[in-house]
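J.: Pasting the sequence and the predicted coordinates here, then a few questions.
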There are 2 protein chains.
Amino acid sequence: MITISQRGLQMPASPIRKLVPYAEAAKEKGTKVYHLNIGQPDIETPRECLDAVKNCDITVLEYSHSAGNESYRKKLVEYYAKNNITVSANEIIVTTGGSEAILFGFMACMDPGDEIIIPEPFYANYNGFAVQADVKVIAIGSSIESGFALPPIDDFEKAITPRTKAIMLCNPNNPTGYLYSTGELEILKEIVIKHNLFLFADEAYREFCYEGTHTSAMTLVGAESNVILMDTISKRYSACGGRIGAFRTKNKEVLNAAMKFAQARLSPPFYAQVLGEAAVDLPDNYFDTTKAEYKLRRDTIVKRLNAMPGVFCPNPGGAFYAMARLPIDDSDQFCQWLLESFQHNGSTVMLAPATGFYSTAGAGKNEVRLAYVLNVSSINKAMDCLAVALKIYPGKTN
Amino acid sequence: MITISQRGLQMPASPIRKLVPYAEAAKEKGTKVYHLNIGQPDIETPRECLDAVKNCDITVLEYSHSAGNESYRKKLVEYYAKNNITVSANEIIVTTGGSEAILFGFMACMDPGDEIIIPEPFYANYNGFAVQADVKVIAIGSSIESGFALPPIDDFEKAITPRTKAIMLCNPNNPTGYLYSTGELEILKEIVIKHNLFLFADEAYREFCYEGTHTSAMTLVGAESNVILMDTISKRYSACGGRIGAFRTKNKEVLNAAMKFAQARLSPPFYAQVLGEAAVDLPDNYFDTTKAEYKLRRDTIVKRLNAMPGVFCPNPGGAFYAMARLPIDDSDQFCQWLLESFQHNGSTVMLAPATGFYSTAGAGKNEVRLAYVLNVSSINKAMDCLAVALKIYPGKTN
């Protein structure tokens, strides 16, 4: 009998995608499903970016440089400069999505059995990359009451062991939408310097901040050897399918190691690099419209949620996610029930159970994540569904 | 002091790319460098494929399905059927290049410390994926005298331990160009069935066979649970920069595990899937021209090499590589010397030292790999350089 690996068995299935069959069944029955379950923006990819691909005249689709096209890396230097991040083209490795940047960071900085501390709830796929790199995620809790602010410094100190190698922070946060303050980043800086840890910074949603401004971990003075930026153009330019990200660090040893991983997989995809290069030349006010749209959606969804009896949704400062506490027994069952047994005026809503974003067993059972990636009209209809559903759900708790 | 991982330190740098600085220096001096060192074809990407990308009208560059676009997977079913490989769309995971298919296979089938047997010389990046998956490559030697035919069955049997989980075969082979016979594949089938091993089949060069026909490991009756196909469109359609490959197996457990790895990285790149989909509709005689061109180049390079005193180059049956034994002391030094200290009529040639393709220390020191990815005229000029170089190289051995 031939057997697969333990790693293959332990690899988590995507908690966001596991409800897909129920959504498909609902659609087959003729029910309209409002998708607030996944971070696929509906915002159009900028025409200039799509045109750059259309106008790309090549005769041979050659490998890029393993670190990405030099012309694109030079453009990225401009992009980062606009965001007050100083970087040279030689300090950037263009990756296949932010996903690959995360994997390179995990592999280059941690060995099997090492530990990485991540405030929970956190982006579920970090678990998958941890399994691939054979490292252990140590979750420390942030609470919905505080809007998912950074856990107290003592919680970090208590979680640190001789195997701890890194702390990971997604800012603004997926799934909570929390925007970390400069003060919180300074606290993290002190911890990583004191304990010789890496600070992995996932800043995929950098541009989408609605309260205050974004502080990049790359600007933390004194932590240059500690900080590794894992970036992506996916959400920024609504270009998720391009699969282009970037790995950035001032730590030369880490960069050299990551470059070897980059060489093994030869090169990042060519076309989306062309798209990303064009994106840097978008007008400086490009994000204003997108941000205004997301802010309107956020304001709508948060107001609607908090108006429902027993529901609590802290106001997220960034990204395009909101976490809400619902008066329900079990968010996995509730989200499945929404698709399987509920409809309101021929419609229902698909949400992400928060359990998939926690590694502590039982946590998040009365929370869901909502991605506000639909327009305000659709969000309102989706909230109509949710309001009715919460009144009749058999497992409601109030 | 913050330290990177042992894995990051152990990760091998690309042996093919390490001579690049010397090539750049030669070019700066005004020397023309004939690149026979890397498998980047000069053949044009089919116009129909490039046009499919140009004509692609989308408004949002969305994530693909994690297994790849359904329309592309359905097209791939047609492609495989033409190659006598029966497969359904649900048994295919579209990957980011063949590289990712290899990584998924290693991760899904092997645990840290497990062993994989590979006849050497082999594609150097297998080492990199082995480091990432924390598995051990056990090399068994094939010899230039036999043209790098499959090593005797006893060599496999002797190499198998309780930790052995897989055998890997690249067919036709990179770097040797050897085309394995149906008989050799049947021998491997018996071994993997007897010992419950996986058979990883890298068939990137399937179409490029000049002596006899290709037997896919996917057609081995009785080994359906053992065989995993790691495929790519890179060489087939001269589309290396697209980064599209495929992971194929009839083993449902392995497929399910690989799918979880695919979900973690969300999706393969969109544009090159469009390109790959168009490629399946190329006329059936598309490969005839390309094959005829590669065969002419092979005939030229092999004849020229064997005409040089002390040089031996077996006739490769497929792919676009040839391995040659040269009358030299050290192929790494020789290849560097060609770039650093040699020119003939203002030109030189860049080759890949074979040492990078062996994991046995000291093996391949008098062998080089030549990729015949230039036209016949350039190949002849490159061979002129090599012939002169071998007469004057200070470390020549005859």
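T.: Right, received. Where do you want to start?

J.: What's the end-to-end length of stretch A:160-176?
T.: One end of stretch A:160-176 sits 24 Å from the other (C-alpha to C-alpha, to the nearest Å).

J.: So for it, what gets flagged as buried?
T.: Within stretch A:160-176, the residues that qualify as buried are A:160, A:164-176, counting by 16 or more other C-beta atoms under 10 Å in any protein chain shown. C-beta here means a position set from N, CA and C on the backbone, and glycine is covered the same way.

J.: what would the residues you listed look like in JSON lines with secondary structure and distance to chain B?
T.: What follows is the buried residues of stretch A:160-176, written out as JSON lines (DSSP: H, G, I helix; E, B strand; the rest coil; distance: C-beta to the nearest C-beta, whole Å):
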{"residue": "A:160", "secondary structure": "coil", "distance to chain B": "14"}
{"residue": "A:164", "secondary structure": "strand", "distance to chain B": "12"}
{"residue": "A:165", "secondary structure": "strand", "distance to chain B": "8"}
{"residue": "A:166", "secondary structure": "strand", "distance to chain B": "10"}
{"residue": "A:167", "secondary structure": "strand", "distance to chain B": "12"}
{"residue": "A:168", "secondary structure": "strand", "distance to chain B": "15"}
{"residue": "A:169", "secondary structure": "strand", "distance to chain B": "17"}
{"residue": "A:170", "secondary structure": "strand", "distance to chain B": "15"}
{"residue": "A:171", "secondary structure": "coil", "distance to chain B": "20"}
{"residue": "A:172", "secondary structure": "coil", "distance to chain B": "19"}
{"residue": "A:173", "secondary structure": "coil", "distance to chain B": "18"}
{"residue": "A:174", "secondary structure": "coil", "distance to chain B": "13"}
{"residue": "A:175", "secondary structure": "coil", "distance to chain B": "15"}
{"residue": "A:176", "secondary structure": "coil", "distance to chain B": "20"}
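
J.: Closest one of those residues to residue A:182?
T.: Distance from residue A:182 was checked for each of the buried residues of stretch A:160-176 by C-beta to C-beta. The minimum falls on residue A:171, at 10.8 Å.

J.: tell me, what residue is most central in chain A?
T.: Chain A has residue A:174 as the residue nearest its centroid, 4.4 Å off, counting by C-alpha atoms, centre = their mean.

J.: For it, give me its contacts.
T.: Taking C-beta atoms under 8 Å, 6 or more residues apart in numbering or on different chains as the definition of contact, the neighbours of residue A:174 are A:39, A:123, A:202, A:204, A:205, A:319, A:321.

J.: so who does the nearest residue in space to it that is not next to it in sequence touch?
T.: Nearest residue to residue A:174 in three dimensions, chain neighbours excluded: residue A:123, at 4.9 Å (C-beta to C-beta, 6 or more residues apart in numbering or on different chains). Contacts of residue A:123 were listed using C-beta under 8 Å, 6+ apart, and they are A:170, A:174, A:175, A:202, A:357.

J.: For residue A:202, see how far away the third one is.
T.: Residue A:175 sits at a distance of 12 Å from residue A:202 (criterion: C-beta to C-beta, to the nearest Å).

J.: longest helix of chain A?
T.: As assigned by DSSP state H, the longest helix anywhere in chain A is helix A:286-306.

J.: what comes up buried for it?
T.: Within helix A:286-306, the residues that qualify as buried are A:286-287, A:290, A:293-295, A:297-298, A:300-302, A:304-305, counting by 16+ other C-beta under 10 Å.

J.: Stretch A:29-40 too?
T.: Neighbour-count burial for stretch A:29-40, with 16+ other C-beta under 10 Å as criterion, is recorded at A:31, A:32, A:33, A:34, A:35, A:36, A:37, A:38, A:39, A:40.

J.: Perfect, I'm done here.
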